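1. Have a look at this prediction, sequence included:
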Amino acid sequence: MIIAMSTDVSADGNSSYSQIYSYISQLSMQTFYNSRENTNLNAFGIETYNETPLTFQFGDPLSSYAALDDSDGRANQIRLLNRNPQQNGDYGEWDKYINAAQNGWYSTTVTSHDRHKLNESAYQAVNAGERYAYYACLSRNRDLNGNGRIDDNEIRWHLASVNEYIRMSIGAGAISNAAQLYIGDKSAMVKEETQGAPNGYPSKYISDGSLYYTSSESSKRVYWAVEKGSYGAIDNYYDGSPLPIRCVRVLPAITDTQDASALYGIKADPTVEKYERNGMIILNFKNRLMDNLYRGYVEGSLGPHNEDDDENSFYDGIMVAKDYLRDRFGFLETYKLRDIIGADGTIYNPCETYSEGQYTGWRVPNLVELSAMNAESLLSECNDDNGDTKNHAACCTQFSNQNVRFGFARSILIYSPGAKGDELDKRYRIRCVRDVPAESMLLE
């Protein structure tokens, strides 16, 4: 929108010249979910720029809030304010957290992702004068009724949960470059000299979005955005610098029975639905995301690929094996990471001879499938006893910069092996998958 002091229009009406008093522009919210006109999915949207200053520690919210959720960032945001979500909830005073007179003013007029930030004065200093990340997303909301209180329907933007971050990474191909979580050059990254040192990945690249605070529990408080699936605790394997955040907004499904303006009890739907059909475990991804986020049907192994390649995408649905690969005596089989990811140019597929039901043509899952299996508790047997990778489940996706990390696996959480340097020859377990054949009628 242009607010002009004066405008001169040519005689033919085809051109004009304005002296501008003010120019106001607004970027659209972005989402990677499928059109809500065709589904009953609750979605969420993200802002194009992360507008929060990169100088806030997470903070120390009051300890009496209920358990935080892996997927419901809005409920987490309320609990981080030391409240429980309620339909007509009152979650405290706005001016405890946000300075309304300063909110909306930016430190610069540039559009670069690392400099276009709200002024720190937009955030009130709490707890011994510190400003914290856990309440920073409140700056995107407004006191709609002017009563000075944070009402339930005023919590629209919130700090993303760990699973909401994972979905952002899965949906990266459907959002603009400016809205990506990581906006640096992965190929230029260098490995830290020692784990957690500030001279390499991830600490050196925090301002580019290598790490983010989540609203989930402390063991899942940091999302490793470069790796698109990894997460962990604060200060684990980085230098402890303040991290960026990403604010998201719930987009309720448009239905005859749901009020799109009422947010209580609504959270974004997952990218997967799990069920059993004809004795097979099915993960159904169909019609949940934008069409360009799906790959074609594959029978047998995927080719060598990294986390940013098309092969690391969902098909409409997969079958998941009932157990990890075992030998004929029932003992777990394990395989070297270098063979699983094809570090030498050729992927080894230990699932090639596996069959279940009448189906053959199984393979090692890719990273997004491993993440979905993890979200649906299909990898819960994995553990980190003594750091033995034989207790970890691997996928076939390589990390895009092999000088920094190698691949992806799940111990008690998803991580990217490579920090120690010897993981290529470590052995990992495999739980096989295969694309659901269209003619099988197994996808609802």
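-> Sure, I can see it. Numbering: from 1, shown residues only.
2. quick one: terminal-to-terminal distance for stretch 314-324?
-> One end of stretch 314-324 sits 21 Å from the other (C-alpha to C-alpha, to the nearest Å).
3. Name the residues of that stretch that come out as buried.
-> 314, 315, 316, 317, 318, 319, 320, 321, 324 (16 or more other C-beta atoms under 10 Å). The way it works is simple: take the backbone N, C-alpha and C, and place the C-beta from them, glycine included.
4. Those in strands, which ones?
-> 317, 318, 319, 320 (DSSP state E).
5. any idea which helix or strand comes after the lowest-mean-pLDDT helix or strand in the chain?
-> Within the chain, no helix or strand scores below strand 16-23, which has a mean of 66 by mean pLDDT, DSSP states H and E. Heading C-terminal from strand 16-23, the first helix or strand you meet, by DSSP states H and E, is strand 43-46.
6. by contact count, what packs against the helix or strand just after that next one?
-> Per DSSP H and E, the first helix or strand lying C-terminal to strand 43-46 is helix 73-80. Contact here means 3 or more C-beta pairs under 8 Å, 6 or more residues apart in numbering; DSSP states H and E; on that basis helix 73-80 packs against strand 157-159.
7. Determine the set of other helices and strands touching the strand it packs on.
-> helix 73-80, strand 247-251.
8. List the neighbouring strands of it plus their orientation.
-> Under the criterion DSSP bridges, strand 157-159 sits next to strand 247-251 (antiparallel) in its sheet.
9. The strand it pairs with versus helix 73-80: what angle between them?
-> 120 degrees (axes from the mean of the first three to the mean of the last three C-alpha atoms, to 10 degrees).
10. got a markdown table for the buried residues of stretch 314-324, with pLDDT and distance to residue 166 too?
-> As requested, the buried residues of stretch 314-324 are arranged in a markdown table below (pLDDT from 0 to 100; distance: C-beta to C-beta, whole Å):
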| residue | pLDDT | distance to residue 166 |
| --- | --- | --- |
| 314 | 97 | 13 |
| 315 | 97 | 18 |
| 316 | 96 | 19 |
| 317 | 97 | 19 |
| 318 | 98 | 17 |
| 319 | 98 | 22 |
| 320 | 98 | 18 |
| 321 | 98 | 22 |
| 324 | 97 | 22 |
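11. Any chance of those in CSV with distance to residue 15 as columns?
-> Shown next, in CSV, are the buried residues of stretch 314-324 (distance: C-beta to C-beta, whole Å):
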residue, distance to residue 15
314, 49
315, 52
316, 51
317, 55
318, 57
319, 62
320, 62
321, 67
324, 70
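12. so which two of those residues are the farthest from each other?
-> Greatest spacing in the buried residues of stretch 314-324, by C-beta to C-beta: 316 and 324 (24.5 Å).
13. does residue 428 sit in a helix, a strand or a coil?
-> Classification of residue 428 using DSSP: H, G, I helix; E, B strand; the rest coil returns strand.
14. Helices of the stretch 201-350 of the chain, start to end?
-> With DSSP state H, counting those that start in this stretch, the ranges of helices along the stretch 201-350 of the chain come out as 337-341.
15. Where does pLDDT dip in it?
-> Applying pLDDT under 70 to the stretch 201-350 of the chain picks out residues 260.
16. and the nearest residue to residue 17 once chain neighbours are set aside, what pLDDT?
-> Leaving aside its sequence neighbours, residue 17 sits nearest to residue 8 (C-beta to C-beta, 6 or more residues apart in numbering; 4.8 Å). In the prediction, the pLDDT value recorded for residue 8 is 79.
17. Remind me which helix or strand residue 8 belongs to.
-> Per DSSP H and E: strand 2-9 holds residue 8.
18. most tightly surrounded among the helices and strands packed on strand 157-159?
-> Ranked by mean neighbour count, the helices and strands packed on strand 157-159 are led by helix 73-80 with a mean of 26 (mean count of other C-beta atoms under 10 Å).
19. one step back: contact partners for the residue nearest to residue 17?
-> By C-beta atoms under 8 Å, 6 or more residues apart in numbering, residue 8 lies in contact with 16, 17, 18.
20. What of residue 234?
-> Contacts here follow C-beta under 8 Å, 6+ apart; on that basis residue 234 touches 58, 213, 218, 221, 222, 240.
21. Can you turn the buried part of these into a PyMOL selection?
-> Here is the PyMOL selection string for the buried members of these, based on 16+ other C-beta under 10 Å:
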select buried, resi 58+213+221+222
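22. Tell me how far the closest residue to residue 417 other than its chain neighbours lies from residue 351.
-> Leaving aside its sequence neighbours, residue 417 sits nearest to residue 423 (C-beta to C-beta, 6+ apart; 3.6 Å). Applying C-beta to C-beta, to the nearest Å, the value for residue 423 to residue 351 is 21 Å.
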